[in-house]
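*Asks:* Have a look at this fold, sequence not included:
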């Protein structure tokens, strides 16, 4: 289907540039092969499963049953009348709003700090990268220990004469703490992406600016940020998508509690599908999640993607 | 370049020194935050059962029994081998396909490009949890369940990587590519000889991120694998700790997790040099 | 991305999605057909195969169980034994980690893979039965009357719509675990047998430091662990209340004052007497096993864990304290046969199930796993009743209950939420209780509405 579109385009342009046919043929052959393989691959391993989910969203399907009667939009009206679903959407947005800026700022800060030193850079980079490598389950348990009612952090607070806190057992603190864990774990990833982006900025821009007497801040705003734009776009889009899909840490740190204060959309979907076997409703919730992600991604690509003037 | 710095540096030397000290201080505080939970994990893995809830970071009695027990109980060798094979092949295919696709999406213009790009990113908009049932249907249909290939097939090309490479390829000056075309190089040569060397650091980043992603994959391997010898490390650890959780035997679980991430940290330390060399060779500075 | 192109590209994208949706709904439709076709064809081939091959032919069956090394090992041994008794039946055991058990089942089954016997927690049974996944146990081998005569009445939780869908090898009850050293320290000579005594003793046993923080809990208090069971099958009936109506449609907690009284009693440990709190050393059993809780209400399954990892713990077990009546919570894992198992496989599965519920296996199960025999005749033998640790669990079996569950996870979550409303949000106990009853009732209403719709 998609290659068909490209082929049409190709034919059209071929008619326009009949003169350089051989060059154009070679060029389009290159595009076909390079994009065709991934597209076919994604069609079979991603798009079809996604449409499979879309199809299931209008059916009632208990995973253990072979019958999948068509029920129209009943699944959607059921989940939207479920207050836990609305709560999970709200929570998911909180995860994004705290997590994405937190991760980007922390990652950029570490990358810039590392960029400005010469000694021990590799050492620091490795250390900051370690949490990203560690398994989510193990990390979550360590954090649960630290935040336990009689855990390390409360011990410290008591020493300082501060009331012990509920932390993960408090509906007000749990979400922020889980988000902080997620940021902690992704700083390494973000740092690496930003450092790669920073390396790609030619030094001569900074030298020229220094000669002009620009301050560090001005260099950052006028050189670093604009030239880092493609990497920032990438990080923001990927960040929003992954925080919208928050699941692993939530499952192992709070399992959605207390009082559903950390239930996210994916946890909700997971519970519907694999705890209650209500695949139709789970698929409906997935369609809603997909729509939210799609809209937000398009918005970001539109707002963030500015052609940079050098 | 260095001369400009020196001129600036010598002018306000004390300020500069203070500045550098501050940077190191911040980084060291960061190290504390980054390492603390991790160190606790490793420390716990060397503790004796009576000390689990002892809040000190250095175990009072250090024991290697936990590791001995684990290696006795579980076929870690098989698990590491499987995980390594899957991660290596998966990373290789991702680098080949994602780099090329990212390049075309960044540096060619043709109608439908934006649509194709959006279709590709839209594939990461559905959580894995919802894809595993169709994937399992596929794996079962083709007889791939309980094989390395079964674990591998959903991740041989990633939208994440294509997007990453597209963003980095974007900054390659088009004039360079056009010049090569005028010189008569074909598109494959341009990709291999001109574009790729310019984004070497990005490719190293892609390799690292993909490798780690494959290594730590959990939900899908858990579903598709059945027999103990075929397990990957994360799946094996979960089976292994299934009983331990019942008695909250965190010491053994932490030992298992430490083993499961140690190879990764080692690989990263080795790659560390590669990154630096990659940057140096690319001549971007 | 240029601005003008953006809008155009969205519309093109939508167009492509629509086209793809067209193809894919066809193709996924056809894959559905394939699966549905596949099943009848399987069903068609199986009887013919069974006609040819009477008992002579070799049958292999698959047994699914969660990953718990002691159980896995024992089942492996039992399989070897069974296969020597029945040389023409081969049994294969497959295990999934406990946390992902339902998920694995739910992924493998739609792909047409499945066991011939499946081990399930009794609280999951209604979910599996409602999906039409299980078949009632064959009447000729497991007559209902005999089950009800031989087994403890708690097994009735596996009876749905008049038929038994599953049968356990072993069952578990809750009892009061006590730390002997801590009791000696507090100079408590007699074990609590009434509600009041339990409160008094746990107050005496509680230790706090200068800052008011727990050092030792008098009674470990973890709503997410066994307290939900203790409420529904222990405290509530003990206070004279009832859990569920005969037809299993109505939650009766609020129909008598007993419901609120029992709920208040349970919460008072945390909010009034302050003898225990959730999350102290992770959870109740952990606090107890590490010596940071003097009393704990826990299951017989914990005996094995303590023996293995906390051999030095000086502890004892006593029957649960009671009030107006006696009642003890119980639960079990049971074996069931999926609906699509037919012909020779069904015969083999039945044979294996009979073996698993035999007296010998039940005895092995107590010795090796620590779960109690499900049949009265086996459990009431002197060697078990007189056992210091097993005895209290077994003597309670006669008045034990295992309440019906629609959805174990959800019902437990609602219960934990209600306790949190009181603890964290300072909602009154009465309001939290009424909300809880309403929410659980809604869960039951939804379940029955679905079941009725299918009829």
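*Replies:* Noted; the coordinates are in hand. Remember, it's a predicted structure, so these values are computed and weren't measured experimentally.

*Asks:* Around residue C:397, count how many other residues there are.
*Replies:* Using other Cβ atoms under 10 Å in any protein chain shown, the number of residues around residue C:397 comes to 22. (Each C-beta comes from the backbone N, C-alpha and C, glycine too.)

*Asks:* ditto for the one 3 residues further on
*Replies:* Per other Cβ under 10 Å, the neighbour tally for residue C:400 reads 24.

*Asks:* same check, this time on residue C:185
*Replies:* 14.

*Asks:* Which pLDDT value goes with it?
*Replies:* We have a pLDDT of 94 for residue C:185.

*Asks:* likewise residue C:118?
*Replies:* pLDDT, residue C:118: 96.

*Asks:* now swap in residue C:100 and tell me
*Replies:* According to the prediction, residue C:100 has pLDDT 85.

*Asks:* Is it in a helix, a strand, or coil?
*Replies:* Under DSSP: H, G, I helix; E, B strand; the rest coil, residue C:100 falls in the helix class.

*Asks:* Let me know the helix or strand that the closest residue to it other than its chain neighbours is in.
*Replies:* Closest residue in space to residue C:100, ignoring its immediate chain neighbours: residue B:222 at 6.0 Å, by Cβ to Cβ, 6 or more residues apart in numbering or on different chains. Per DSSP states H and E: residue B:222 is located in helix B:219-224.

*Asks:* Then residue A:129?
*Replies:* Per DSSP H and E: helix A:121-133 holds residue A:129.

*Asks:* tell me the secondary structure for the residue of the stretch 51-200 of chain A found nearest chain B?
*Replies:* Nearest residue of the stretch 51-200 of chain A to chain B: residue A:138, at 3.8 Å (Cβ to the nearest Cβ). Classification of residue A:138 using three-state DSSP returns helix.

*Asks:* Then the one 10 residues further on?
*Replies:* With three-state DSSP as the basis, residue A:148 sits in coil.

*Asks:* Sketch out the strands for the stretch 1-150 of chain B, chain order is fine.
*Replies:* Applying DSSP state E, counting those that start in this stretch to the stretch 1-150 of chain B gives no strands.

*Asks:* which stretches of it aren't confidently modelled?
*Replies:* B:1-13 (pLDDT under 70).

*Asks:* same thing but 50
*Replies:* The stretch 1-150 of chain B contains residues with pLDDT under 50 at B:1-10.

*Asks:* tell me the mean pLDDT for the strand or helix carrying residue B:271?
*Replies:* Secondary-structure assignment from DSSP H and E places residue B:271 in helix B:250-282. The average pLDDT for helix B:250-282 rounds to 73.

*Asks:* Let me know whether the helix ranked longest in chain A sits next to chain C.
*Replies:* If you go by DSSP state H, chain A has its longest helix at helix A:83-115. No: judged by Cβ under 8 Å from any Cβ of the partner chain, helix A:83-115 stays clear of chain C, getting no closer than 9.9 Å.

*Asks:* What distance do you get for the residue of the stretch 151-300 of chain A found nearest chain C to residue B:203?
*Replies:* Relative to chain C, the nearest point of the stretch 151-300 of chain A is residue A:274 (4.0 Å; Cβ to the nearest Cβ). Residue A:274 sits 37 Å away from residue B:203, going by Cβ to Cβ, to the nearest Å.

*Asks:* Point out the residues in the stretch 301-450 of chain C that sit beside chain A.
*Replies:* Contact residues (Cβ under 8 Å from any Cβ) of the stretch 301-450 of chain C with chain A: C:407, C:409, C:410, C:413, C:416, C:417, C:420, C:421, C:424, C:425.

*Asks:* Could you check how far the spatially closest residue to residue B:177 that is not a sequence neighbour is from chain C?
*Replies:* Nearest residue to residue B:177 in three dimensions, chain neighbours excluded: residue B:190, at 5.8 Å (Cβ to Cβ, 6+ apart). Taking Cβ to the nearest Cβ, to the nearest Å as the measure, residue B:190 falls 24 Å from chain C.

*Asks:* so residue B:190 touches residue B:183, yeah?
*Replies:* No: under the criterion of Cβ atoms under 8 Å, residue B:190 makes no contact with residue B:183, lying 9.4 Å away.

*Asks:* Go ahead and list the helix or strand containing residue C:118.
*Replies:* Assigned by DSSP H and E, residue C:118 falls in strand C:117-121.

*Asks:* Look at residue B:190 and residue B:183 and report which has more neighbours.
*Replies:* residue B:190 (21 against 9).

*Asks:* For chain A, which residues score under the pLDDT cut-off?
*Replies:* A:1-2, A:18-19, A:308-310.
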